[in-house]
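**Student:** Sequence first, then the predicted structure:
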Amino acid sequence: MRARAMVVLALLLPASITAVAADDILPWQTDSTEQKPAPAARKQPPAAPAKAPEPKPADAKSNAAAAAAAPAQPSGAKATAATTGADAKPAASKQAPAAPAAAAAATIETSAAPAAPKPAAGAAPDAAKTAAKAPDPVPAKKLFGAAKVAARMTPKAIGTYAKGCLAGGEALPTDGPAWQAMRLSRNRNWAHPVLVAMLERFATEMKDKESWPGLLIGDLSQPRGGPMLTGHKSHQVGLDADIWFKPMPSRTLSKPERETFEPLLLAKDNGSEVIKENWNDGFARLVKRVADYPEVERIFVHPAIKKKFCEVSGPDKAWLAKVRPMWLHNYHFHVRISCPAGSGSCEKQKATTGEDGCGKEVDDWIKLVSRPAKPVTPAPKPTVPVKPPPPAPVLTLEKLPPECRQVLAAAPDGIAPPPPVAIAHKPAAPPPAKPQQKKTAEQ
Ligand SMILES: [Zn+2]
């Protein structure tokens, strides 16, 4: 059901947006467990925006006090899940949706290995047996999701942000002088040492120079990076970090509290403007400081937040070139750093344009996230049986850079990689009959 909904959504969106799927997560890829405050507080993803109008906050004051102090504590607005983001332009292209992007979306959502395909009617019994025997490919997320500690190797980000792994990961301490890590049960406070150092510096500088109470830090990566069982499409190479907008409380949160603590929601998923009672211009200082670090390449925020940054930032808007609008980043901002030195197989992302994106670009994004959902009309019942779509391809270890096998297997507590799927799936017999052999459903 969900998979079907995702495909429908992918088809409804312009190709320029569906193309984002190749790089990062989109609303229909959101996993319900990503950084959610508590199950009761969940809402639907923005792909099916609520009809309710934006709240019209009566309180339009706030901005003056903001520049001086850290933001106020939350007003109780509930946050929804958010995901990682990637760079993409929301230009309202009328092109037909790209089928591969829809397939990519489905790939990420695959939560279990697909069943072996059923043989077509009339297929030879041998072929049926072969299909039944073929082992299910092991999703790479199951392998990397099982790693409890980092691979003892020279630190290295390997592959792309959304298809890679991490050697020599370092854990961000769960508590520091100016930060607390959240959702500890996920074991995602691991990153490349360059990112860990940057986060520590950022938190302490905000505290010392901006009187910020401290940072609440969400997901970084798994101990060995790689795809995750839930949430995030990126965060795979130890170079991505989610940081909550909500300032750190003055007390140390207990472990259970860190699982359920409510974030501060700055915009509704489909909101065209920030939630005024939760807003403080201090958020612009927070994001500007990290944007000014040379190693930071991109920062993803909800389009309404980007728009607000544009409004409050004054004439210096250069830093906003790194601040990219992206779905759902409405209670946290996602900081992405560039490939560090010594990570030769880390694939660079395309550079940003250097434009601040404060005009048409952010306006287009806002139109996109705030537009009402199109009603999905059910397809007419087919009169003849329709062949079901093939199962979504599984992101296996073979699809990650080859070095990720070593990362997975490395001490301590390495995980033995499964045999390559391509070999396991090859039927044992018969020599190809040429030239009439046709492709069959099994292929
Ligand atoms: Zn993220």
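**Tutor:** In hand now; what should we look at?
**Student:** near the ion at all, the strand or helix carrying Leu199?
**Tutor:** Leu199 belongs to helix 193-210 when elements are defined using DSSP states H and E. No: figure legend: helix 193-210 not in contact with the ion (CB under 5 Å from the ion); closest approach 12.2 Å. Where you see a C-beta, it was placed from the backbone N, CA and C, and this is true even at glycine.
**Student:** Pull the residues that contact that helix.
**Tutor:** 70, 155, 168, 170-172, 176-179, 191, 212-215, 217, 220, 238-241, 243, 282, 285-286, 289-290, 293, 295-296, 337, 340 (CB atoms under 8 Å, 6 or more residues apart in numbering).
**Student:** How about the helix or strand following it, which residues are buried there?
**Tutor:** Moving toward the C-terminus from helix 193-210, the next helix or strand (DSSP H and E) is strand 215-217. Under the neighbour-count criterion of 16 or more other CB atoms under 10 Å, strand 215-217 has 215-217 buried.
**Student:** Can you list phi and psi of the residue in the stretch 201-350 of the chain that the ion sits nearest to for me?
**Tutor:** Residue of the stretch 201-350 of the chain nearest the ion, by CB to the ion: His334 (3.6 Å). Taking degrees, to the nearest 10, you get phi -110, psi 120 for the backbone angles of His334.
**Student:** Name the nearest residue to it, sequence neighbours excluded.
**Tutor:** The spatial neighbour of His334 that comes closest, neighbours along the chain excluded (CB to CB, 6 or more residues apart in numbering), is Phe300 at 4.1 Å.
**Student:** Which of the three states applies to the one you found?
**Tutor:** Under the three-state scheme (DSSP: H, G, I helix; E, B strand; the rest coil), Phe300 adopts strand.
**Student:** Please, where are all the strands along the stretch 251-400 of the chain?
**Tutor:** Taking DSSP state E, counting those that start in this stretch as the test, the strands found in the stretch 251-400 of the chain are 296-301, 323-325, 332-337.
**Student:** got those as JSON lines, with mean neighbour count and mean pLDDT columns?
**Tutor:** Formatted as JSON lines, these follow (neighbours: other CB atoms under 10 Å; pLDDT from 0 to 100):
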{"stretch": "strand 296-301", "mean neighbour count": "24", "mean pLDDT": "98"}
{"stretch": "strand 323-325", "mean neighbour count": "27", "mean pLDDT": "97"}
{"stretch": "strand 332-337", "mean neighbour count": "26", "mean pLDDT": "98"}
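**Student:** which one of these lies closest to Leu266?
**Tutor:** strand 296-301 (8.4 Å; CB to CB).
**Student:** Parallel or antiparallel, list what pairs with that closest one.
**Tutor:** strand 323-325 (parallel), strand 332-337 (antiparallel) (DSSP bridges).
**Student:** which ones are touching the residue of the stretch 201-350 of the chain closest to the ion?
**Tutor:** With CB under 8 Å, 6+ apart, His334 has these contacts: 84-85, 240-243, 299-301, 326.
**Student:** now the helices for the stretch 251-400 of the chain?
**Tutor:** Secondary structure of the stretch 251-400 of the chain (DSSP state H, counting those that start in this stretch): helices located at 255-260, 282-291, 303-312, 360-370.
**Student:** Save these as JSON lines, and put in mean neighbour count and distance to the ion too.
**Tutor:** As requested, the helices of the stretch 251-400 of the chain are exported to JSON lines (neighbours: other CB atoms under 10 Å; distance: least, CB to the ion, whole Å):
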{"stretch": "helix 255-260", "mean neighbour count": "13", "distance to the ion": "17"}
{"stretch": "helix 282-291", "mean neighbour count": "22", "distance to the ion": "14"}
{"stretch": "helix 303-312", "mean neighbour count": "23", "distance to the ion": "14"}
{"stretch": "helix 360-370", "mean neighbour count": "19", "distance to the ion": "17"}
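**Student:** Now render the ones you listed as a markdown table, adding mean pLDDT.
**Tutor:** Converted to a markdown table, the helices of the stretch 251-400 of the chain look like this (pLDDT from 0 to 100):
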| stretch | mean pLDDT |
| --- | --- |
| helix 255-260 | 98 |
| helix 282-291 | 98 |
| helix 303-312 | 97 |
| helix 360-370 | 95 |
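**Student:** before we move on, the earlier item: okay, the strands paired with strand 296-301 in TSV with distance to Ser370 next?
**Tutor:** Putting those into TSV (distance: least, CB to CB, whole Å) gives the following:
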stretch	distance to Ser370
strand 323-325	12
strand 332-337	20
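**Student:** Could you list the residues of the stretch 101-250 of the chain in contact with the ion?
**Tutor:** Going by CB under 5 Å from the ion, the residues of the stretch 101-250 of the chain near the ion are Asp242.
**Student:** Going along the chain, name the helices of the stretch 101-250 of the chain.
**Tutor:** 125-133, 140-146, 193-210.
**Student:** Name the stretch among those helices that sits most buried.
**Tutor:** Counting by mean count of other CB atoms under 10 Å, helix 140-146 has the highest mean neighbour count of these, with a mean of 21.
**Student:** for that one, what is the average pLDDT?
**Tutor:** Across helix 140-146, the average pLDDT comes to 96.
**Student:** Span of stretch 296-312 from start to end?
**Tutor:** 22 Å (CA to CA, to the nearest Å).
**Student:** which regions of the stretch 101-250 of the chain sit below the pLDDT cut-off?
**Tutor:** 101-134 (pLDDT under 70).
**Student:** could you dump the helix holding Leu199 to PDB, C-alpha only?
**Tutor:** In PDB, the C-alpha atoms belonging to helix 193-210 read as follows (Å, rounded to 0.1, in the frame of the first residue of the first chain):
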ATOM      1  CA  PRO A 193      36.600  12.600  13.000                       C
ATOM      2  CA  VAL A 194      36.600  15.800  10.900                       C
ATOM      3  CA  LEU A 195      32.800  16.100  11.400                       C
ATOM      4  CA  VAL A 196      33.000  15.300  15.100                       C
ATOM      5  CA  ALA A 197      35.600  18.000  15.600                       C
ATOM      6  CA  MET A 198      33.600  20.500  13.700                       C
ATOM      7  CA  LEU A 199      30.500  19.800  15.800                       C
ATOM      8  CA  GLU A 200      32.400  20.200  19.000                       C
ATOM      9  CA  ARG A 201      33.800  23.500  17.800                       C
ATOM     10  CA  PHE A 202      30.500  24.700  16.600                       C
ATOM     11  CA  ALA A 203      28.700  23.900  19.900                       C
ATOM     12  CA  THR A 204      31.400  25.500  22.000                       C
ATOM     13  CA  GLU A 205      31.700  28.600  19.800                       C
ATOM     14  CA  MET A 206      27.900  29.100  19.900                       C
ATOM     15  CA  LYS A 207      28.000  29.000  23.700                       C
ATOM     16  CA  ASP A 208      31.100  31.100  24.200                       C
ATOM     17  CA  LYS A 209      30.400  33.800  21.500                       C
ATOM     18  CA  GLU A 210      26.700  33.800  21.000                       C
END
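**Student:** what angle sits between that helix and strand 296-301?
**Tutor:** 70 degrees (axes from the mean of the first three to the mean of the last three CA atoms, to 10 degrees).
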